[in-house]
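Undergrad: sequence first, then the predicted structure, then my questions.
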Amino acid sequence: MIRLFFYNLRFLLLLTAAALMPLTLSAQEVLRGEVKVELEQVRGFLVEETPHLSAEQGRARALEEAANYFGAMIYGWSFHYEVGERARNIEEKLELTPLGTVPADDPRLEPTNLEIKDFNLYLWADYRPADTQRQRLAKWKAGSNRSAQGYGQSPLENKYAALEDAARAALRAMLRGGERNRPKEVTGYISLAAFPRYWLDKGQWMAHGRFLVEIQEIIPFAAY
């Protein structure tokens, strides 16, 4: 009987440990992404005082970009999107408001690999979210939120604007494919699903972004 008691006790302990294991693994969730920084100035892009960035300056810029993207994945933005229509002379317009940020000196942000190749600096970074941040990430991944992706462009002097334009294009494509009637305005929340990808084309920044979207309100043209 005693031997059977301890056998059952051990079995229960193993079951308890197995039940707790997913919680332990989720607590170790790590966000990861790669940032590319041009160490040599893009031709015609005369923002820097010097024509080249040092490796240390490039690393600092890459960490700042990575922090911005991690913040956009965890907190996202609230948005107000006016779909626009040429026939009614209504301009298309997207307003994004950040809901939170991750500072570049956050101890949870860690550069894991750095490589310099062809005057470009490539940096991989990890971010280990706190409990409250993991809860936010879980809400973004909820089944009620929609996935969207888009391509954007911007002038050389404003690389980040290409990502905002990609978000606009993603919202437009998502609404076009998911709404029976064309809306006039849409409000809600949007976050990055992964780090964006940038490249140069015909003197402009191009960006591709993947997003998660929570729609709060859709205002149809019939309301006006």
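TA: Okay, I see it.

Undergrad: now residue 143: phi and psi?
TA: phi -60, psi -20 (degrees, to the nearest 10).

Undergrad: ok, now how distant is it from residue 189?
TA: 15 Å (Cβ to Cβ, to the nearest Å). C-beta: built from backbone N, CA, C; applies to glycine.

Undergrad: pick out whichever of those two has more residues nearby.
TA: Neighbour count, other Cβ atoms under 10 Å: between residue 143 and residue 189, residue 189 has more, with 19 against 5.

Undergrad: in this structure the more buried one contacts residue 213, no?
TA: Yes: with contact defined as Cβ atoms under 8 Å, residue 189 counts as touching residue 213 (7.3 Å).

Undergrad: so what sits against both of the two?
TA: Common neighbours of residue 189 and residue 213 are not found (criterion: Cβ atoms under 8 Å, 6 or more residues apart in numbering).

Undergrad: spatially central residue in the protein, please.
TA: residue 192 (2.3 Å; Cα atoms, centre = their mean).

Undergrad: give me the local confidence score for the closest residue to residue 101 other than its chain neighbours.
TA: Counting by Cβ to Cβ, 6 or more residues apart in numbering, residue 101 lies nearest to residue 71, which is 4.4 Å off, once chain neighbours are set aside. Here the pLDDT value assigned to residue 71 is 98.

Undergrad: quick one: residue 192 and residue 210 touch, right?
TA: Yes: the criterion here is Cβ under 8 Å, and residue 192 meets it with residue 210 at 7.2 Å.

Undergrad: for this structure, which strand is longest?
TA: Secondary structure of the chain per DSSP state E: the longest strand is strand 204-220.

Undergrad: list the buried residues of it.
TA: 205-215, 218 (16 or more other Cβ atoms under 10 Å).

Undergrad: and for stretch 157-169?
TA: Neighbour-count burial for stretch 157-169 [16+ other Cβ under 10 Å]: 159, 162-169.

Undergrad: repeat for stretch 183-191
TA: 183-186, 188-191.

Undergrad: what of stretch 167-184?
TA: 167-172, 174-175, 183-184.

Undergrad: can you check stretch 65-85 too?
TA: If you call a residue buried by 16+ other Cβ under 10 Å, then stretch 65-85 has these buried ones: 65-79, 81-84.

Undergrad: and it, how far from the chain's centre?
TA: Its chain's average C-alpha position is 7 Å from that of stretch 65-85, according to Cα atoms, centre = their mean, to the nearest Å.

Undergrad: number of nearby residues for residue 32?
TA: There are 13 residues near residue 32, going by other Cβ under 10 Å.

Undergrad: what are the bridge partners for it, then?
TA: residue 126 (DSSP bridges).

Undergrad: same deal with the one 5 residues further on?
TA: Beta-bridge partners recorded for residue 37 (DSSP bridges): residue 121.

Undergrad: thinking again about what came up before, now render the buried residues of stretch 157-169 as JSON lines, adding secondary structure, pLDDT and distance to residue 126.
TA: JSON lines is the format used below for these (DSSP: H, G, I helix; E, B strand; the rest coil; pLDDT from 0 to 100; distance: Cβ to Cβ, whole Å):
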{"residue": "159", "secondary structure": "helix", "pLDDT": "92", "distance to residue 126": "23"}
{"residue": "162", "secondary structure": "helix", "pLDDT": "97", "distance to residue 126": "25"}
{"residue": "163", "secondary structure": "helix", "pLDDT": "97", "distance to residue 126": "21"}
{"residue": "164", "secondary structure": "helix", "pLDDT": "97", "distance to residue 126": "25"}
{"residue": "165", "secondary structure": "helix", "pLDDT": "97", "distance to residue 126": "28"}
{"residue": "166", "secondary structure": "helix", "pLDDT": "98", "distance to residue 126": "24"}
{"residue": "167", "secondary structure": "helix", "pLDDT": "98", "distance to residue 126": "24"}
{"residue": "168", "secondary structure": "helix", "pLDDT": "96", "distance to residue 126": "30"}
{"residue": "169", "secondary structure": "helix", "pLDDT": "96", "distance to residue 126": "29"}
